[in-house]
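Engineer: build me a model from this:
(one chain, ligands or ions: 2)
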Amino acid sequence: MTTARETFLDEKKAQACIHCGLCLGSCPTYLETGDENDSPRGRIYLMRALQEGRLPLGDTAVRHLDLCLGCRACETACPSGVRYGELLETTRDHIERHHQRSLLQNFLRRIVIERVFPHAWRTKLALFPARLLKRAGVGRLFPKFVQDSLALLPVDLREGKLPEFSYAYGTQSPNLRNGDASNGERKRRVQKRGRVGFIRGCVMNVMFGRTNENTIRLLNLAGYDVVTPRDQGCCGALHAHGGNLAAAREAARVNLAAFAHEPLDAIVINAAGCGSTLKEYGHLLANDPRAAAFSAKVQDLSEFLVAADFHHAAFRTPHPAFRVTFHDACHLSHAQRITHPPRLLVKAVAGANYVEMPESDLCCGSAGSYNLTEPGMAERLQRRKVENLLKTGAACVVTTNPGCQLQIRAGLDKAGATHIETLHLADFLERHLTVS
Ligand code: SF4
Ligand code: SF4
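Structural biologist: Residues are numbered from 1 along each chain as shown. Ligands and ions are numbered 1, 2, ... in the order given. The predicted model follows:
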């Protein structure tokens with residue numbers, strides 16, 4: 001326990017909370033525990049008490065703050081505009097610099113999350129023995145914590161081989177309104193509309209390489225050349241959410257430099273968790289004028305495709321018995337407030353087969369690396385998500401974040417619902433495209 005005192009909290013932003021409690025019903029941890037200390041209002045109270053020295057920085061306060069998913073559902077619900085995510089990030093940064101954690105938590109946070117996941121080759125190296133164990137089917141011989149981690153590993157793991165430049169020219173049109181029909185209906189070519197940058201992600205490209213390749217293909221089909229700079233790095237989300245703002249800023253600077261020389265209409269990302277951090281570089285690096293300009297260009301794949309009219313592309317309609325539902329990734333629906341564009345795209349394929357999921361915007365328990373550091377609560381929320389999903393009768397759930405995809409897949413497998421597919425939006429769209 002330490003009694004370190006320093007100003008880590010923006011008092012004005014914390015005082016924006018008027019204690020109305022309207023956020024409580026949307027907070028996943030409060031819904032599960034019913035404990036005010038596990039609610040947004042309670043946590044803001046704890047942060048202020050730490051700041052003012054009324055509460056020591058010990059296990060009790062840290063426990064309730066650790067249990068927060070950082071899902072920011074409270075921000076969506078808050079009538080007072082409390083920027084809870086910012087309060088949480090600076091508090092966590094303070095905690096990580098002053099609070100002594102257990103050996104296991106230190107290993108997970110400082111080594112696995114901060115030093116392994118942001119680097120593709122380290123992730124591949126670390127996953128190699130885990131994949132062997134999973135393939136051998138001997139996970140049950142290990143403690144539950146290891147079993148749960150193995151359950152998250154995708155069976156079909158493939159690194160993305162992404163070209164640095166991928167051109168729209170020569171791509172056959174998916175019957176978009178902007179398609180150039182001058183060559184005749186059967187040989188329509190995409191009309192080039194511009195050039196975008198693509199953030200491949202670190203974990204995303206190692207575990208979901210095919211999704212990245214499909215994303216680039218969709219962008220080409222929409223008429224955009226795609227630039228994927230080789231020297232880009234981790235977006236910094238893992239560090240920012242874990243309480244290491246200095247490392248997050250360093251990661252942001254690497255990406256500012258990597259994209260500095262390309263004239264781009266937008267910078268597209270297909271992982272919601274990364275997208276929200278990329279859009280907040282202006283806040284993270286407030287003194288660097290390049291940061292706000294970079295953030296202004298960042299767009300989630302779903303919002304970019306809808307703006308490009310891609311929901312009017314020609315898709316094959318699934319079989320009437322194939323029901324499809326959608327799970328809102330927290331960092332898309334709450335942090336970026338994007339809920340309509342991905343639904344528009346899913347419905348463009350599914351039509352009447354689309355079914356809304358109860359509590360679709362309630363966190364699935366993945367929350368970046370939360371399912372590693374807080375496996376107990378992560379599992380409760382995973383179960384809740386799977387129960388809601390099963391109520392829809394869907395054969396496929398679509399989402400926009402790799403962490404959610406892994407968490408829901410593992411939950412469905414645990415529940416014996418192996419027949420239900422979990423797909424990233426890019427894979428779902430690509431699979432159902434008809435290209436003339
Ligand atoms: S809704 Fe906003 S103002 Fe009301 S208690 Fe929650 S955080 Fe505070
Ligand atoms: S970020 Fe999510 S878990 Fe944390 S207080 Fe807000 S709603 Fe609750």
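Engineer: and Ala126, how many neighbours?
Structural biologist: For Ala126, the tally of surrounding residues (other CB atoms under 10 Å) stands at 16. For the C-beta atoms, the positions are set from N, CA and C on the backbone; glycine is no exception.
Engineer: okay, the closest residue to it other than its chain neighbours: pLDDT?
Structural biologist: Nearest residue to Ala126 in three dimensions, chain neighbours excluded: Val116, at 5.1 Å (CB to CB, 6 or more residues apart in numbering). Predicted confidence (pLDDT) at Val116: the value is 90.
Engineer: domains of this protein?
Structural biologist: Under the assignment automatic domain parsing, the domains of the chain span 11-98, 105-152, 165-307, 312-432.
Engineer: mind telling me which of the ones you listed the model trusts least?
Structural biologist: Among the domains of the chain, domain 105-152 has the lowest mean pLDDT, at a mean of 83.
Engineer: and the end-to-end length of that domain?
Structural biologist: Terminal residues of domain 105-152 are spaced 19 Å apart (CA to CA, to the nearest Å).
Engineer: same question, stretch 195-204
Structural biologist: Stretch 195-204 has an end-to-end distance of 22 Å (CA to CA).
Engineer: helix, strand or coil: sort out Leu423 for me.
Structural biologist: strand (DSSP: H, G, I helix; E, B strand; the rest coil).
Engineer: who's in contact with it?
Structural biologist: Leu423 is in contact with Cys396, Val397, Val398, Thr399, Gln405, Arg431, counting by CB atoms under 8 Å, 6 or more residues apart in numbering.
Engineer: with respect to Leu152, which of these is nearest?
Structural biologist: Within the contacts of Leu423, the smallest distance to Leu152 is 10.0 Å, found for Gln405 (CB to CB).
Engineer: shouldn't the closest one be within a helix?
Structural biologist: Yes. The assignment for Gln405 is a helix, going by three-state DSSP.
Engineer: tell me the contacts of it?
Structural biologist: Going by CB under 8 Å, 6+ apart, Gln405 touches Phe208, Thr399, Thr422, Leu423, His424.
Engineer: distance check, the nearest residue to the first one once chain neighbours are set aside against Leu264.
Structural biologist: Excluding the flanking residues, the one nearest Phe208 by CB to CB, 6+ apart is Pro402, at 5.2 Å. Distance of Pro402 to Leu264, given as CB to CB, to the nearest Å: 23 Å.
Engineer: compare neighbour counts for the two and give me the winner.
Structural biologist: More crowded of Pro402 and Leu264, by other CB under 10 Å: Pro402, with 25 against 19.
Engineer: any idea how far the more buried one lies from Leu389?
Structural biologist: 18 Å.
Engineer: where does the stretch 251-400 of the chain get nearest to ligand 1, residue-wise?
Structural biologist: Shortest the stretch 251-400 of the chain-to-ligand 1 distance, computed as CB to the nearest ligand atom: residue-wise this is His334, at 12.9 Å.
Engineer: what is the burial count for the spatially closest residue to that residue that is not a sequence neighbour?
Structural biologist: Distances taken as CB to CB, 6+ apart put Arg72 closest to His334, at 4.1 Å, once the chain neighbours are dropped. When neighbours are counted by other CB under 10 Å, Arg72 registers 25.
Engineer: then Phe128?
Structural biologist: 10.
Engineer: show me what contacts it?
Structural biologist: Counting by CB under 8 Å, 6+ apart, Phe128 has no contacts.
Engineer: now secondary structure too, for the contacts of Leu423, in JSON lines please.
Structural biologist: Listed next are the contacts of Leu423 as JSON lines, based on three-state DSSP:
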{"residue": "Cys396", "secondary structure": "strand"}
{"residue": "Val397", "secondary structure": "strand"}
{"residue": "Val398", "secondary structure": "strand"}
{"residue": "Thr399", "secondary structure": "strand"}
{"residue": "Gln405", "secondary structure": "helix"}
{"residue": "Arg431", "secondary structure": "helix"}
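Engineer: how about the residues of the stretch 51-200 of the chain by ligand 2?
Structural biologist: Cys68, Leu69, Gly70, Cys71, Arg72, Ala73, Cys74, Tyr84 (CB under 6 Å from any ligand atom).
Engineer: from those, which land in helices?
Structural biologist: Of those, the ones assigned to helices by DSSP state H are Ala73, Cys74, Tyr84.
Engineer: if you rank those by neighbours, which is first?
Structural biologist: Counting neighbours by other CB under 10 Å, Tyr84 leads those with 28 neighbours.
Engineer: shouldn't that residue be in contact with Ala77?
Structural biologist: No. Using CB atoms under 8 Å, Tyr84 makes no contact with Ala77, being 10.0 Å away.
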